[in-house]
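[1] Need coordinates for the below:
(chains A and B)
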Amino acid sequence: MTEASAAAAAADLVVRGLTVSVEDKEILRGVDLCVPAGEVHALMGPNGSGKSTLAYTLSGHPKYTVTSGSAAFGGADLLALSADARARLGLFLCFQYPTAIPGVTTVNFMRAALRAQGKEMPAREFISRLNKEMASLRIDESFRARYINDGFSGGEKKRAEILQMAMLRPRLSILDETDSGLDVDALRTVANGVTRLAGPDMSVLVITHYPRILEYLKPDRVHVLHQGRVVTSGGPELADQIEREGYEPITGPVAAQAAASQRSLTGVVAEAKA
Amino acid sequence: MSVQARELTKDYKFGFHDVDVSVFRTEKGLSPEVVAAISQHKNEPEWMLKFRLKAYEHWMKRPMPTWGADLSGIDFDDIYYYVKPAGEQSRSWDDVPESIKNTFDRLGIPQAERKFLAGVSAQYDSEVVYHNIRDDLEKLGVIFCDCDTGLREHPDIFRKYFGTVIPPNDNKFAALNSAVWSGGSFVYVPAGVKVDIPLQAYFRINSDNMGQFERTLIIAEEGSSVHYIEGCTAPNYSSDSLHSAVVELIAHKDAKIRYTTIQNWSDNVYNLVTKRAIAHERATVEWVDGNLGSKVTMKYPAIYLMGEGAHGEVLSAAFAGPGQHQDAGAKCIHVAAHTTSNIVSRSISKGTGRTSYRGHIKVYPKAHDVRINVRCDALLLDEESQSDTYPYMDVESPDVTIGHEATVSKVGEDQVFYLTSRGIDENEATALIVNGFFEPFVKELPMEYAVELNRLLALSMEGSVG
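    The predicted model follows:
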C-alpha cells in the first residue's frame, strides 16, 4: 500500500449500529454505513426517515444524544469529540438551513474558520482564493462584506455553504438536502462546485430525497434510510429505480415483509412484480 | 500645574514632576466649606464659587432618584470630593489589582499607557504628539484644554455657555457635579472650522483626565464640525466609588458634533453621568456611547432638537458582567419642526449582569414633520442574565413618524453550532456572535478603539460557555 492510499484509507467514515434520540424520542435505530475515502455516497429516504438527524449527529450537534453504536472517521472516535474538533479533523456539514450570524462578515468568518483549522494563509492569498471561489460559484463580490447568511435567499445560502467548503477543503463533506429549494440553474452551479472538489481528497455523503442532484454528483453507492435504519444499499441504479418507482417498493409493506424474512430486497421486489 | 512648573520639569527623565509638592485633598464628605475650599484652591472667580454653592444647596435638597438603578450603596460621607491631580503620587503600581494588570497584559497595552489607565500616572506620554496637534488647532482658532483652564483663560466664552445646557438643578447628580466639578475638557470650534482629526482626551495632558466629577463643555459655532473622543476600552481602575460627570454640547446652526465615549470602569464604581446636547437649526449631534464595567451606570445621552432641520443620533452599547447593572439609554426632545432622531441601543448581559434601556422621546405640539426611529436589542448570555426596556414616549404633535423596535434574544445554540461546525471552538464562537451583535456600534469607532473593544469582548467571553 502506498503512502497516499494509506492516508486515503484513513479517511473512511464508518458508522456501526448508531442509535440516536432527540428529546427522548428515538430517531435513528441502528444505522450501519461506510463511506470509504474518495467516494461519493448518497443517502436517500422519504421525509422523516432520519437523514438530517444522522448528518447533525455526525457533526456533533449537542441536541442529538447517541444512545448506542459507534462512528469513526479516519480511525478517530467521532462521538468522543466536540463539533469543532470534528471539523478540524476534516468533517464538513453543508447545512440544509444555514444559520445567520448578524454582524459577522463572510470574510471575517472565513478567516476565523481557516485559522481555527490551522489553514491560515497570507491575506493576499486568502482574498485572491476567496474571489476565485466566489466567481466560480457565481456569488457577487458584495457578499464578502455581508453578514454570513443574514438576509441571504435560499439559493444564496446554499452557494455560501459550498464556498465555505471550497475554502476549508474538508476530507468529508456531508450535504444535507443541499438541493432543496434550488432552481435548475442554481442546482447545477452548486453541484458543479461539489463535483470539482470531490475526489481522492474529499469524500461526499449527499443526503437527499430527490434523485435529481445525483445526476450531477454520480454517486458510487446509494443507501436508503427508512425509519432510522439503512434498509438497502446499492449502486447508482438504486437511485434510478427510486426515480422511476418512488420509495414505496423499498419502504412499503413489501419491503417490510422482506425485512422480516431477511431476504434480499431486490429479490422481494422482483418476486412481487412477477 | 502651572505652565512654569511644566517647563521646569520638562527634562525630567520619566516625565514625572512635582515630587515634593504635597497633595491637596479636601476632607471626606461634602459641606459648603468643602465646596468653598475647592473653589478657593483653584483660585476661581466669584461667580463660579456662587454657582458651586448654589448647586450644593440644590444637591442637599434633592432626594436620591429611585426610579432607576439601585443606588443605595453610595455613601456620600465616605467620599473625597476633591483631590488635586498629583500624578504618580496618588497611587502606586503595586496597588493596582492583579486582574487589571493581567488584562493590560492581554490587551497588549504599552507600559506608559498602563500606568496612565490605572491612575498611577496622570500623564500619558504623548507630549510631542500633543504639541503638534495643539499648534495645528491653535492656527484654526480651536480651543482644546481642560475645563479649569477654560474657565481661567477663556472666561467670556466659558461663562456664556457653562451650565446652560444642564443647569445645576437638573438632577441630584448634576447638582453634585456642579458643586464639586474638576477637570474634563473645554472645546471651542470657531464658525466654519472643520476639525478633521478626532480630539482625544488622551492628548490633554497635565490634567486629571478621568476625574471623579469631570465637566466637559463643547461649543461648535455655525457651520463647524468636531469629533471628540473620551475614555478607552481598557479597564480604568479607580479606587473612587462614585463618578459623576456632566457633559454639555452646543451645536450651532449647521454645525456637527460627534461625541464618542468608551468607558470601562472597575466594578466598584457608580458611574452616574448627565450628558446633554443642544442642536440648533440643521445641526447634527451624535452620541456614540459604550459602557463596559462599573457597578452601576446610569447614563442617558440627550439631544434637544431646538432648531428646524436638526438631527440627532444616539448609538449606544452596554455590556453588563456578573453583578453589574448598565442602566443606559437616550433622550431626544423634538422642539422644532422637520427634526429627526435615530436611537440604536445594543446591550449584552452576562452572568447575573443586567442591562436596562431607558428612553425618552418627547415631541412638542409645534414640531411637525418629525421622524424618530428607535431600535434596541438586548442579548442575554446566561440563564440568570437580565434585560429590561423602559421606552417613554410623549408625543404632542400629530405630524410625527415613529418607528420603534425592541428585541431580546439569547445566543442561539444553532448559531454556536454553526460556527463550531467550521472548527471554531465554543468560546471563540460566542465571542464572534457577541462581537457581531455589537458590530453596528463598533463600526462607528476609530479603528484602534474597535480592535481593542473586540479583544476586550473576547476576553470577557472566556469561560462563558461549556
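[2] And for the residue nearest to A:V107 when sequence neighbours are not counted, the neighbour number?
    Distances taken as C-beta to C-beta, 6 or more residues apart in numbering or on different chains put A:R144 closest to A:V107, at 5.0 Å, once the chain neighbours are dropped. Backbone N, C-alpha and C define where each C-beta goes, glycine included. A:R144: 16 surrounding residues under other C-beta atoms under 10 Å in any protein chain shown.
[3] likewise B:E46?
    Count around B:E46 with other C-beta under 10 Å applied: 8.
[4] again, but for A:R129
    By other C-beta under 10 Å, 15 other residues sit near A:R129.
[5] And chain A, is stretch B:316-328 touching that?
    No - if you take C-beta under 8 Å from any C-beta of the partner chain as the test, stretch B:316-328 misses chain A, and the best it gets is 11.6 Å.
[6] Sort out which residues of that stretch are buried, please.
    B:S316, B:A317, B:A318, B:F319, B:A320, B:G321, B:Q324, B:H325, B:Q326, B:D327, B:A328 (16 or more other C-beta atoms under 10 Å in any protein chain shown).
[7] quick one, phi psi at the second one?
    Comment: the main-chain dihedrals of B:A317 come out as phi -140, psi 140, following degrees, to the nearest 10.
[8] Quickly list what it is bridged to.
    Going by DSSP bridges, B:A317 is paired in beta bridges with B:G290, B:R346.
[9] mind checking how far it is from chain A?
    Using C-beta to the nearest C-beta, to the nearest Å, we find B:A317 at a distance of 12 Å from chain A.
[10] gap between that residue and B:K256?
    22 Å (C-beta to C-beta, to the nearest Å).
[11] Out of the buried residues of stretch B:316-328, which is nearest to chain A?
    Ranked by distance to chain A (C-beta to the nearest C-beta), these are led by B:A317 at 11.6 Å.
[12] so what's that closest one up against?
    Listed by C-beta atoms under 8 Å, 6 or more residues apart in numbering or on different chains, the contact set of B:A317 reads B:D289, B:G290, B:N291, B:S345, B:R346, B:S347, B:F438, B:F441, B:V442.
[13] The last one reaches B:R455, doesn't it?
    No - taking contact to mean C-beta atoms under 8 Å, the distance of 11.4 Å between B:V442 and B:R455 leaves them out of contact.
[14] how about the residues of the stretch 101-250 of chain A near chain B?
    The stretch 101-250 of chain A comes close to chain B at residues A:101-104, A:108-109, A:112-113, A:116-117, A:147, A:164, A:168, as judged by C-beta under 8 Å from any C-beta.
[15] can you list those residues in JSON lines and add neighbour count and pLDDT?
    Putting these into JSON lines (neighbours: other C-beta atoms under 10 Å in any protein chain shown; pLDDT from 0 to 100) gives the following:
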{"residue": "A:I101", "neighbour count": "24", "pLDDT": "94"}
{"residue": "A:P102", "neighbour count": "16", "pLDDT": "92"}
{"residue": "A:G103", "neighbour count": "22", "pLDDT": "92"}
{"residue": "A:V104", "neighbour count": "24", "pLDDT": "94"}
{"residue": "A:N108", "neighbour count": "19", "pLDDT": "92"}
{"residue": "A:F109", "neighbour count": "22", "pLDDT": "96"}
{"residue": "A:A112", "neighbour count": "20", "pLDDT": "95"}
{"residue": "A:A113", "neighbour count": "21", "pLDDT": "97"}
{"residue": "A:A116", "neighbour count": "21", "pLDDT": "97"}
{"residue": "A:Q117", "neighbour count": "20", "pLDDT": "97"}
{"residue": "A:Y147", "neighbour count": "19", "pLDDT": "95"}
{"residue": "A:Q164", "neighbour count": "23", "pLDDT": "97"}
{"residue": "A:L168", "neighbour count": "19", "pLDDT": "97"}
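[16] Near the residue in the stretch 201-350 of chain B positioned nearest to chain A, how many other residues are there?
    Nearest to chain A in the stretch 201-350 of chain B, going by C-beta to the nearest C-beta, is B:R346, at a distance of 9.4 Å. The tally of other residues near B:R346 (other C-beta under 10 Å) stands at 24.
[17] And B:E221, by the same measure?
    19.
[18] looking at it, B:W265 is touching B:K299, isn't it?
    No - the criterion here is C-beta under 8 Å, and B:W265 misses it with B:K299 at 11.4 Å.
[19] overlap in contacts of those two?
    Both B:W265 and B:K299 are contacted by B:N271, under the criterion C-beta under 8 Å, 6+ apart.
[20] before we move on, back to that, out of the buried residues of stretch B:316-328, which are inside strands?
    Among these, the ones falling in strands (DSSP state E) are B:S316, B:A317, B:A318, B:F319, B:A320, B:H325, B:Q326, B:D327, B:A328.
[21] could you pull out the strands for the stretch 101-250 of chain A?
    Taking DSSP state E, counting those that start in this stretch as the criterion, the stretch 101-250 of chain A contains strands spanning A:172-176, A:203-208, A:221-226, A:229-234.
[22] Which parts of the stretch 251-400 of chain B are strands?
    Secondary structure of the stretch 251-400 of chain B (DSSP E, counting those that start in this stretch): strands located at B:256-265, B:270-279, B:284-293, B:296-299, B:302-305, B:311-320, B:325-334, B:340-349, B:354-363, B:370-380, B:386-395, B:400-410.
[23] picking that back up, please identify which two of the buried residues of stretch B:316-328 are farthest apart in space.
    B:S316 and B:G321 (17.0 Å; C-beta to C-beta).
[24] Now do the contacts for the spatially most central residue of chain A.
    For chain A, the residue nearest the mean C-alpha position is A:I174 (1.8 Å; C-alpha atoms, centre = their mean). For A:I174, the contacting residues are A:A55, A:L58, A:S59, A:L91, A:F92, A:L93, A:C94, A:V204, A:L205, A:V206, A:I207, by C-beta under 8 Å, 6+ apart.
[25] Which of these lies at the shortest distance from B:L380?
    A:S59 (26.1 Å).
[26] how many neighbours does the closest one have?
    Using other C-beta under 10 Å, A:S59 has 21 neighbouring residues.
[27] again with the one 3 residues further on
    Counted with other C-beta under 10 Å, residues neighbouring A:P62 total 13.
[28] Need phi/psi at it.
    Per degrees, to the nearest 10, the backbone of A:P62 is at phi -60, psi -20.
[29] Isn't it up against B:F417?
    Yes - judged on C-beta under 8 Å, A:P62 makes contact with B:F417 at a distance of 7.0 Å.
[30] ok, back up a step: I'd like the distance between the residue nearest to A:V107 and A:A135.
    Distance, A:R144 to A:A135, using C-beta to C-beta: 12 Å.
[31] do the same with B:Y80
    65 Å.
[32] Neighbour count for those two, which is higher?
    B:Y80 (16 against 11).
[33] On the pLDDT front, check that one for me.
    B:Y80 carries a pLDDT value of 82.
[34] would you list every one of the helices in chain B?
    Counting by DSSP state H, the segments of chain B that form helices are B:3-9, B:32-41, B:46-61, B:98-107, B:111-117, B:127-140, B:147-153, B:155-161, B:172-180, B:413-420, B:426-442, B:447-461.
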